[in-house]
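Asker: only geometry, no sequence info:
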């Protein structure tokens, strides 16, 4: 039976927000088979299964250990149920075809245990797909795009830990930089061709999400220029024929506050990088006030159908003015990041939102190690004790969640 949708999410109080904003401030596969809880090899190169790196360093300055014997996966304190808050993180996965399944399993277990240690009950897996120029009419997988069956294997491990899972394809912006563009400014020369290509790309991932019983599939993220396009009706209708979970869309924070987000989905997420013009020593109260002023531009009071799908900030001086600045590396200031996390959590609870996902953890990183700030993104929070303490305090609060809600 077809599930009811929200009425194009244009009504303010029923807006469901997953706040994940990569704002330009510088503006036919099959599931894996399993045996004894481990991956069964499926990828063969030159007659041999490829091996993962024997202790490699990611581009974000963290070291991942070599694959080790399968370890037990910790279990969440309390599995997520409808009406409970989603407490989680965005796990960004740029795959490497040379990584063995043993390496992928090791990393998935590492991250599952880390998230459980933070008292998370949810995880969102973001991964890249690719296009050419702003006017390109096609999208595609690349070497960094995990295959649907490898994704299914990771999902199984997260479910073993009791984590609620979200799948989120995210357009890589590297090829758009030459035109000073970003994913929210693409202008396909032939929209029908673009949407046909996009649906062909996402369908195998929808099947993988269905086979592993993921909770949510984000059908699009921060595609500002394509929001409201009639082609989404077909894409979402076809997605719902394949995937029985929640079909969502994650909007950029700027578009969210500027007007209605008309997308034919069950839930709307917001990537939330609201700038707050305060000094580095601002109080949590002032940061909460800054967020409330932004949210009040759209709707006041409780926002039970809003999930902050992406929230984060650099652990550095001056970050409050541009939380979504992914590239600048000013002097490290852990307190800026920790206070921001505390403030965002207070906003989520006071306005009875559906939860928050912190940006981000990289799949190849070891989250238990301190970031190398010479090369690491300032937005990294794993390995920063003050930020981790703020997250644990948030995730162990007595906030029971927005409760069971129905579309109106």
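Answerer: Thanks, I have the structure now. Bear in mind that the values here come from a model prediction, so they are computed numbers and not experimental data. Residues are numbered from 1 along each chain as shown.
Asker: Bridged to residue 247, which residues?
Answerer: residue 217 (DSSP bridges).
Asker: tell me the contacts of the closest residue to residue 169 other than its chain neighbours?
Answerer: In space, and not counting its chain neighbours, residue 169 is closest to residue 129: 5.2 Å by CB to CB, 6 or more residues apart in numbering. Where you see a C-beta, it was placed from the backbone N, CA and C, and this is true even at glycine. Listed by CB atoms under 8 Å, 6 or more residues apart in numbering, the contact set of residue 129 reads 139, 140, 141, 142, 145, 169, 170, 171, 172, 201.
Asker: Count the residues that sit near the nearest residue to residue 133 once chain neighbours are set aside.
Answerer: Nearest residue to residue 133 in three dimensions, chain neighbours excluded: residue 179, at 6.2 Å (CB to CB, 6+ apart). Neighbours of residue 179 under the rule other CB atoms under 10 Å: 13.
Asker: Residue 132 is in contact with residue 179, correct?
Answerer: No - using CB atoms under 8 Å as the test, residue 179 is too far from residue 132 to be in contact (10.2 Å).
Asker: For the protein, which segments count as helices?
Answerer: With DSSP state H as the criterion, the chain has helices at 101-117, 148-160, 191-211, 231-242, 253-258, 284-296, 334-350, 385-395.
Asker: nearest to residue 319, of those helices?
Answerer: Judged by CB to CB, the one of these that comes nearest to residue 319 is helix 334-350, at 5.2 Å.
Asker: which ones are touching the closest residue to residue 394 other than its chain neighbours?
Answerer: Computed as CB to CB, 6+ apart, the closest residue to residue 394 that is not its neighbour in sequence is residue 345, at 3.6 Å. Under the criterion of CB under 8 Å, 6+ apart, the contact list for residue 345 reads 356, 390, 393, 394, 397.
Asker: burial of the last one, as a residue count?
Answerer: A total of 15 residues lie near residue 397 under the criterion other CB under 10 Å.
Asker: returning to that earlier point: so the residue nearest to residue 394 versus residue 386, what's the distance?
Answerer: Residue 345 sits 14 Å away from residue 386, going by CB to CB, to the nearest Å.
Asker: same question, residue 307
Answerer: With CB to CB as the criterion, residue 307 and residue 386 are 25 Å apart.
Asker: residues touching the nearest residue to residue 198 once chain neighbours are set aside, list them.
Answerer: Residue nearest to residue 198 in three dimensions, not counting chain neighbours: residue 139, with 5.4 Å by CB to CB, 6+ apart. Residues near residue 139 by CB under 8 Å, 6+ apart: 129, 130, 131, 171, 194, 197, 198, 201.
Asker: what's around the fifth one, how many residues?
Answerer: Per other CB under 10 Å, the neighbour tally for residue 194 reads 22.
Asker: can you check residue 204 too?
Answerer: Based on other CB under 10 Å, the number of other residues close to residue 204 is 18.
Asker: beta partners of residue 87?
Answerer: residue 356.
Asker: Could you tell me which residues make contact with it?
Answerer: Contacts of residue 87 by CB under 8 Å, 6+ apart are 119, 120, 121, 122, 355, 356, 394, 395.
Asker: gap between it and residue 165?
Answerer: Distance from residue 87 to residue 165, by CB to CB: 13 Å.
Asker: shaky segments in the chain?
Answerer: Scanning the chain for pLDDT under 70 picks out 1-70, 404-408.
Asker: Nearest to the spatial middle of it, which residue is it?
Answerer: The geometric centre of the chain, computed from its C-alpha atoms, lies nearest to residue 90 (CA atoms, centre = their mean), at 3.8 Å.
Asker: Next, count neighbours for the nearest residue to that residue once chain neighbours are set aside.
Answerer: Nearest residue to residue 90 in three dimensions, chain neighbours excluded: residue 360, at 4.3 Å (CB to CB, 6+ apart). Applying other CB under 10 Å, we find 23 residues neighbouring residue 360.
Asker: Residue 360 against residue 89, yeah?
Answerer: Yes - using CB under 8 Å, residue 360 is in contact with residue 89, at 6.7 Å.
Asker: and residue 138, how far is that from residue 96?
Answerer: Residue 138 is 24 Å from residue 96, by CB to CB.
Asker: Actually, residue 272.
Answerer: 30 Å.
Asker: go on, residue 281?
Answerer: For residue 281, the distance to residue 96 - CB to CB - is 42 Å.
Asker: quick one, which of these two is more surrounded?
Answerer: Using other CB under 10 Å as the criterion, residue 281 and residue 96 rank with residue 96 on top: 17 against 10.
Asker: Determine which two of the contacts of residue 345 are furthest apart.
Answerer: Maximum pairwise distance in the contacts of residue 345, criterion CB to CB, is 12.9 Å, between 356 and 393.
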